[in-house]
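> Could you work out the structure for the sequence below:
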Amino acid sequence: MTTTLADGERSVSDRLLARAQDIGQAEMARLLARTPRSAQLYERAARTLPFGVVSSFQKMQPYPIYVTHGRGSHVWDQDGTEYLDFHCGFGAMVVGHAHPRIVEAVHEAASRGTHFAVTTESAVAFAEEICRRFRLEMLRFTNSGTEATMDAIRVARAATGRDVVCKIEGSYHGHHDSVMFSIVPNADLMGGRDRPGSAPVSKGMVKDAAKYIQVVPFNDADHLERVLRERGHEIACLIMEPAMMNIGIVVPAPGYLQRVRELCTKFGVVFIFDEIKTGFTIAAGGATEKFGVQPDLVCLAKAISGGLPAAAFGGRADLMRLIESGVSQMGTYNGNPLVSHVGLVTLTEILTPDAYRHFARIGSRLASGCQAAIDRHGIPAHTIDLGAKGCVSYRPTPMRDYRDFLDTRPQLFAASYPWLLNRGIFMTPGDEEQWTLSVQHSDADIDRYLEVFSEFCAAIAA
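Sure, this is the predicted structure:
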């Protein structure tokens with residue numbers, strides 16, 4: 001969507017963007033000057049690791065900030081600088097860092113042995129607790145969100161005998177070939193709103209993979225219905241984040257998820273929730289609980305196990321039992337005993353009802369405080385508050401879909417990122433990400449974030 005600005009609004013916007021560029025350059029220079037040890041480690045890492053990082057999501061220009069350790073709601077970088085952590089491992093660390101009970105649980109499990117490649121009682125109990133929270137009939141563990149979505153799609157294809165995967169424009173569901181399409185696409189690759197494009201976003205993919213993908217916009221059930229009427233007989237599944245979370249946060253419009261559920265049932269399409277980010281963060285039972293819509297399959301990862309590498313997918317028993325009759329799903333480390341024990345402790349002892357009340361209270365304080373600063377200084381931005389997750393998006397009004405994300409002003413984020421880092425607030429490095437709160441964040445932590453962010457808004461508006 002293209003926003004048309006009146007001359008007065010345009011002059012204000014131009015002034016803000018020019019001011020943001022100046023502030024961003026000054027703050028980035030300051031950031032680079034005070035992080036020489038991160039620069040040194042980058043030079044070393046780049047000789048062994050592509051981009052100098054262990055995942056391409058972590059790359060930054062000219063180099064990333066490397067962290068040495070964390071405790072509570074704080075992390076420290078290679079130069080010894082302490083930060084309040086609102087990054088929280090891209091949403092995995094809702095327990096905070098070095099939580100005493102997590103440390104104890106790791107010791108408990110490790111003292112009994114860290115791996116057997118045999119199912120343990122802790123894995124069974126962990127699965128039972130996840131199924132209880134998300135109202136799943138059966139579940140299988142994996143080790144990453146990518147594996148979870150890959151396996152869920154395989155089950156859906158086996159169940160339907162169809163090959164095409166339907167996904168939401170601009171959403172990320174892992175880096176396997178089935179879904180590496182239309183992830184923050186460039187405008188020239190998007191196609192029209194009526195027929196979104198499906199360009200691949202990685203080299204090395206199967207050359208004809210695009211014929212097995214169908215892209216649809218978020219929050220547009222009418223569009224989905226037209227697609228299903230046209231080629232529903234080819235579509236195995238619709239995989240979607242129930243709240244989009246790789247362009248900031250986009251919440252579903254009232255009734256949207258309910259209508260999608262109805263359409264998938266009508267056309268025999270397996271409905272998959274990708275709750276890698278929403279699971280265990282926006283409610284005890286994730287978006288499935290929050291929005292009251294039950295998909296056929298749910299994919300989970302990130303916050304599932306206290307920061308250890310765990311993931312899972314599960315849902316209807318008739319679908320999951322296909323694994324017993326020919327669908328391959330395996331992994332040496334699936335349901336690892338260390339991960340399972342820590343995960344069970346995380347869900348039953350730390351992410352309790354009190355934890356979600358805590359997220360709701362401090363999340364509301366953070367979002368409303370940021371919005372007050374935005375309104376006070378006339379910044380074209382809005383906030384979203386969703387449990388332990390939230391964000392500032394540099395667009396005046398909330399988004400409905402990916403194309404609205406193109407109306408955001410990345411220059412304002414680019415200025416805010418080093419500004420916050422230089423004042424002790426550790427954040428995710430992209431304007432498409434969000435903050436994550438932990439059970440160890442305090443009111444004082446929220447106060448400090450609001451103080452720094454308010455100063456940023458004042459500086460931009462000056």
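
> May I see the buried residues of stretch 449-462?
For stretch 449-462, a neighbour-count test (16 or more other CB atoms under 10 Å) marks Tyr449, Leu450, Val452, Phe453, Ser454, Phe456, Cys457, Ala459, Ile460, Ala461 as buried. Where you see a C-beta, it was placed from the backbone N, CA and C, and this is true even at glycine.

> for stretch 245-257, same thing?
Met245, Asn246, Ile247, Gly248, Ile249, Val250, Val251, Pro252, Tyr256, Leu257.

> same thing with stretch 279-293?
By neighbour count on 16+ other CB under 10 Å, the buried set for stretch 279-293 is 279-291, 293.

> of the residues you listed, closest to Val95?
Phe280 (9.9 Å; CB to CB).

> so where do the helices sit in the stretch 51-200 of the chain?
Secondary structure of the stretch 51-200 of the chain, counting by DSSP state H, counting those that start in this stretch: helices at 88-91, 100-110, 121-134, 145-160.

> now for those helices, which one comes closest to Phe426?
helix 88-91 (8.9 Å).

> Asp220 and Tyr402 touch, don't they?
No. With contact defined as CB atoms under 8 Å, Asp220 and Tyr402 do not form a contacting pair (10.9 Å).

> okay, the two: which has more neighbours?
The neighbour count for Asp220 versus Tyr402, taken as other CB atoms under 10 Å, is higher for Tyr402 (25 against 18).

> hang on, the earlier thing: pick out whichever of the buried residues of stretch 245-257 sits closest to Glu108.
Among the buried residues of stretch 245-257, Met245 lies closest to Glu108 (CB to CB), at 32.6 Å.

> Next one: that closest one from Gln329, what distance?
Met245 sits 25 Å away from Gln329, taking CB to CB, to the nearest Å as the criterion.

> what do you get for Ala221?
From Ala221 over to Gln329 the distance is 31 Å, taken as CB to CB.

> before we move on, the earlier item: among the buried residues of stretch 279-293, which are located in helices?
Taking DSSP state H, the ones among the buried residues of stretch 279-293 that sit in helices are Gly286, Ala287, Thr288, Glu289, Lys290, Phe291.

> Nearest residue to the fourth one in space, please, no chain neighbours.
What sits nearest to Glu289 in space, not counting adjacent residues and going by CB to CB, 6 or more residues apart in numbering, is Ala283, at 4.5 Å.

> What about the nearest residue to Ala311 once chain neighbours are set aside, how many residues nearby?
Once flanking residues are discounted, Ala311 sits nearest to Ala301: 3.6 Å by CB to CB, 6+ apart. Ala301 has 28 neighbours, counted by other CB under 10 Å.

> Let me see the contact set for Ala301.
Ala301 makes contact with Thr142, Ser144, Gly145, Ala148, Ile276, Gly279, Ala310, Ala311, Ala312 under the criterion CB atoms under 8 Å, 6 or more residues apart in numbering.

> which among those gets closest to Glu43?
Ser144 (28.7 Å).

> List the contacts of the residue nearest to that closest one when sequence neighbours are not counted.
Nearest residue to Ser144, sequence neighbours excluded (CB to CB, 6+ apart): Ala311, at 5.3 Å. Residues near Ala311 by CB under 8 Å, 6+ apart: Phe141, Thr142, Asn143, Ser144, Gly145, Glu147, Ala148, Ile276, Cys299, Leu300, Ala301, Ile304.

> now do Ala355
Going by CB under 8 Å, 6+ apart, Ala355 touches Val94, Val439.

> and the strand or helix carrying it, how far from the chain's centre?
According to DSSP states H and E, Ala355 maps onto helix 353-377. Offset of helix 353-377 from its chain centre (CA atoms, centre = their mean, to the nearest Å): 19 Å.

> now stretch 160-180
Remark: stretch 160-180 is offset 16 Å from the chain centroid, using CA atoms, centre = their mean.

> now do stretch 227-241
Mean C-alpha position of stretch 227-241 versus that of the full chain (CA atoms, centre = their mean) differs by 24 Å.

> repeat for stretch 259-269
Worked out by CA atoms, centre = their mean, stretch 259-269 lies 25 Å from the chain centre.

> picking that back up, most widely separated two among the contacts of Ala311?
Longest span within the contacts of Ala311, CB to CB: Phe141 and Ile276, 14.1 Å.

> Which parts of the stretch 151-300 of the chain are strands?
Along the stretch 151-300 of the chain, the stretches classed as strands by DSSP state E, counting those that start in this stretch are 164-168, 213-216, 235-240, 270-274, 297-300.
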